[in-house]
Structures are given as C-alpha cells and as structure tokens.
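Student: Next come a sequence and a model predicted from it.
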Amino acid sequence: MVSDTSAMDQDQSTSTSALETTNYHDASISRKMAAREVVSHLVAHGCRDLSGELDLSSFDEYPTSHGGLSDVYAGRLLNGTRIAVKALRVSTTSMKHDPTHLKHAARELHTWGRCTHPNVLHLMGLSIFRGRIGMVSLWMKYGSLPSYLESVPGVDRFDMCVQICEALSYLHRIGIVHGDLKGANVLVSEGGVPVLTDFGNSLLADRTLRFTQTTSSPSFTVRWSAPEIIEESTSHTEASDIYALGMVLI
C-alpha cells in the first residue's frame with residue numbers, strides 16, 4: 001500500500017498496535033460468516049472500523065494498483081488524510097456464493113494488526129469497501145522499493161537493507177512468518193523509510209482469534225522462494241523468510 005501526507009510519516013515506535021492482544025479465545029471466524037459478523041469479531045479484538053470515516057467520493061472506480069490477489073485503491077479519509085485501501089480481488093459470483101475472501105481478509109488483518117514497528121507498514125484499521133473487507137493504511141508516496149531505487153538517486157542502500165533486516169527480525173520475535181517477502185512488498189514512505197507490507201501469506205504463532213481450517217496451499221513467488229517451498233510445497237518458515245530476505249538484499 002502506498003503514504004504521502006507530509007505530517008503523517010510513520011512513527012510506529014510510539015503507536016499502539018491496531019489489534020491488541022486480547023483474550024477472546026472463544027471467537028472463531030469461518031467462511032460462512034457475513035461481512036458484518038467478521039468485522040464485529042475483528043473490532044472486538046481491537047481493530048478500528050473506519051468504514052464511516054472514508055470519503056467514498058475520493059476513490060476512483062478502478063484500483064490504483066494490483067497485487068497478486070488484491071486490489072489497492074487510493075483515496076482519503078473525511079479529514080483529508082491520504083490512504084490506501086487494500087481489498088482481496090473477487091468476482092461477483094464468488095462474493096455471493098463463496099465468501100472465503102472474508103476469512104482470508106480477516107486472517108491478514110489479525111496478523112498485520114499485531115505489528116508495531118517503524119519498518120512495518122502501520123495498519124490504521126478496516127472498512128467495508130464495495131462489499132469487501134478493506135485494509136486501511138497511509139498512502140506510501142514512493143510506492144515499492146524497486147520503484148523508489150529507480151527514481152531517487154543517492155539512496156543509502158546499506159541503511160535500507162539494515163532497516164529491512166530489522167523489520168523481519170521483529171516479525172520473527174513476535175511469532176510471525178511473513179511468507180511473501182520480496183521487493184514489491186517493501187514500500188517506501190515520504191521520509192524514505194522502508195516498510196514491510198502484505199501479510200496475506202503470513203503465519204502467526206499465537207492467535208487470539210481462531211479461524212476454521214483452510215484447504216488452500218501456500219502461495220509463493222518463485223524468484224524469492226526457498227527451494228523447499230518450490231519443490232515440496234511446504235509451509236513457509238522463518239528459514240524460508242531469511243532466504244527471501246537474501247534475495248531482496250541482492
């Protein structure tokens with residue numbers, strides 16, 4: 001997701017996590033739940049519902065950018081803050097008859113919201129956006145790391161590498177395997193700070209919100225994937241994250 005706003009460069013070192021570690025162990029999210037019910041569970045776990053704070057007139061009809069399985073829309077909050085809303089890409093048929101995307105979005109929000117680090121993109125909250133659950137963050141002016149390095153001369157690449165390493169080390173310390181570390185999933189803020197994003201493939205060791213079992217296989221991007229992920233279709237691990245980190249640094 002992508003920030004602009006001058007006064008709102010990330011300072012997550014002092015911010016609180018979007019999802020507090022609350023002990024609602026009786027909660028469980030399944031693919032059979034309606035969007036509002038899923039949102040209620042997430043809000044109960046500390047995720048802020050920003051649905052009523054979006055300036056819907058500021059969003060274009062079509063997404064500004066695309067991920068592998070998601071669309072990103074640029075817009076603003078009613079207070080003028082520039083934001084990005086990430087929503088999983090689904091067909092009209094799937095939205096009505098196979099609402100698995102709601103569970104996938106909830107899982108990503110639950111994982112992402114555990115993060116509070118200056119080099120991890122800050123999750124502002126969620127929203128109901130065009131029938132889907134949207135993930136709201138600040139708009140990152142410079143886009144992805146590769147785009148930033150191409151357009152901005154004289155970047156201290158060593159320092160950028162150190163910050164990316166610190167971000168991944170932080171994730172592993174709090175029990176998160178990122179699962180999809182690559183250049184496109186490192187964004188750069190207006191202040192030139194690299195931040196990790198995209199937790200759709202991530203694994204969280206200690207969930208305070210339960211999810212019914214999923215049957216989908218782990219996805220990966222070949223260039224950044226460890227051999228065991230490609231050859232054996234095993235789950236992502238801290239070790240495979242480190243391999244992907246090496247590919248990013250190269």
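Tutor: That came through fine. All values reported here derive from a predicted model rather than from experimental measurement.

Student: What helix or strand is residue 166 located in?
Tutor: Assigned by DSSP states H and E, residue 166 belongs to helix 157-173.

Student: and that helix, average pLDDT?
Tutor: Helix 157-173 shows a mean pLDDT of 98.

Student: Compute the mean per-residue pLDDT across the following helix or strand past it, please.
Tutor: Where DSSP H and E defines the elements, the next helix or strand beyond helix 157-173 is strand 176-177. The average pLDDT within strand 176-177 is 96.

Student: And for stretch 231-245?
Tutor: Here the average pLDDT along stretch 231-245 is 87.

Student: can you list contacts of that stretch?
Tutor: Identification of contacts with stretch 231-245 by Cβ atoms under 8 Å, 6 or more residues apart in numbering yields 164-165, 168, 171-172, 177-182, 201-203, 217-218, 220, 224-226, 228-229. (Glycine included, C-beta is placed from N, CA and C.)

Student: In which helix or strand does residue 80 reside?
Tutor: Under the criterion DSSP H and E, no helix or strand holds residue 80.

Student: do the same with residue 75
Tutor: strand 70-77.

Student: per-residue confidence for residue 19?
Tutor: pLDDT, residue 19: 45.

Student: what's the answer for residue 218, then?
Tutor: 56.

Student: can you check residue 92 too?
Tutor: For residue 92, the pLDDT comes out at 53.

Student: One more: residue 124?
Tutor: 98.

Student: following the lowest-mean-pLDDT helix or strand in the chain, which helix or strand comes up?
Tutor: Counting by mean pLDDT, DSSP states H and E, the chain has its least confident helix or strand at helix 92-97, which shows a mean of 54. Tracing the chain C-terminally past helix 92-97 and defining elements by DSSP H and E, one meets helix 100-112 next.

Student: angle of the following helix or strand past that following helix against helix 100-112?
Tutor: Note on helix 100-112: by DSSP H and E, the next helix or strand toward the C-terminus is strand 123-129. Taking axes from the mean of the first three to the mean of the last three Cα atoms, to 10 degrees, one finds strand 123-129 and helix 100-112 inclined to each other by 170 degrees.
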